[in-house]
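Asks: Need a 3D model of the sequence below.
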Amino acid sequence: MNTRLSVNINKVALLRNARNNNIPDLLQFASDCEAFGADGITIHPRPDERHIRRRDVYALKKRITTELNIEGYPSEEFLQLIEATKPDQVTLVPDAPEVVTSDNGWDTIRHQDFLIGVISRLKKSTGRVSVFLNADPHLVPAAAATGADRIELYTGPYAENFGKNPEKAIEPYLLTAQKAGEYLLGVNGGHDLNLKNLNYFAENIIHLLEVSIGHALIADALYFGIENAIQMYKKQLK
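Replies: Residues are numbered from 1 along each chain as shown. You can find the predicted model right below:
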């Protein structure tokens, strides 16, 4: 079974928000991504609404026909949004409100009790819960104890070091994914994956269920068009 591709459309919303109009049309773009082969749509609404806005979340939930994955820090406002929209997947990230992009995973040992309470609440409103995690197998048992269904491996360090030594860059991810399998946790991946490093990652991380890609894919779409870009990324996952 091929790894599923979820397209993060935050950067499309950011472009739209630069002008006081609906260009590009976020909902149509999401539908087009699905038509062009995306297996799901990912969004990360932030408190300042600098890209995805709250009303986008409600509208996309009605529009998406594949899977809607909503990322975010589990503040009370975020939890209420999830309860109201009931997405297919929620990916929990430990982001502070002011960060530009997710750049670290949860310390599941330190925050285990907090995550247990959050995930117990979320399970009433969503199909599954994924926890954003650094590539560290020691964090996996605590992640499993929270009640999460999956982990999403933070692939920023892998992408940064891939050009220097691919085997060394992927080693902690192999160990973490193996440990996740021992605890019956599904494995997703995301952050800075692109056409240069994606295939190697997908080939080596066995049972990789899903990758969420936004920035690189949308940037490539400027050159190749969104339909071609999606197909190019899906080819790397086969």
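Asks: and the residue nearest the centre of the chain, which of the three is it?
Replies: With distances taken as CA atoms, centre = their mean, the chain has Ser212 as the residue nearest its mean C-alpha position (4.2 Å). Following DSSP: H, G, I helix; E, B strand; the rest coil, Ser212 is assigned to strand.
Asks: okay but it is in contact with Tyr154, surely?
Replies: No - using CB atoms under 8 Å, Ser212 makes no contact with Tyr154, being 11.1 Å away. All C-beta atoms are positioned from the backbone trio N, CA, C, and that covers glycine.
Asks: joint contacts of these two?
Replies: Common neighbours of Ser212 and Tyr154, using CB atoms under 8 Å, 6 or more residues apart in numbering, are Gly190.
Asks: so who does the nearest residue to the residue nearest to the centre of the chain once chain neighbours are set aside touch?
Replies: Computed as CB to CB, 6 or more residues apart in numbering, the closest residue to Ser212 that is not its neighbour in sequence is Gly190, at 3.9 Å. Applying CB under 8 Å, 6+ apart to Gly190 gives the contacts 8, 42, 152-155, 211-213.
Asks: So which residues of the protein form helices?
Replies: Taking DSSP state H to define them, one finds helices in the chain at 10-17, 26-35, 54-63, 76-85, 112-122, 140-145, 156-162, 166-182, 198-204, 215-224, 226-236.
Asks: circling back to that earlier point, spell out which residues sit in contact with the residue nearest to the centre of the chain, please.
Replies: 6-8, 42, 69, 71, 91, 152, 188-190.
Asks: For these, name the two members farthest from one another.
Replies: Val7 and Glu152 (15.1 Å; CB to CB).
Asks: Dump the contacts of Gly190 into TSV; add pLDDT and distance to Lys235 as well.
Replies: As requested, these are exported to TSV (pLDDT from 0 to 100; distance: CB to CB, whole Å):
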residue	pLDDT	distance to Lys235
Asn8	98	19
Thr42	98	20
Glu152	98	22
Leu153	98	21
Tyr154	98	24
Thr155	98	19
Val211	98	13
Ser212	98	17
Ile213	98	13
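Asks: No further questions, thank you.
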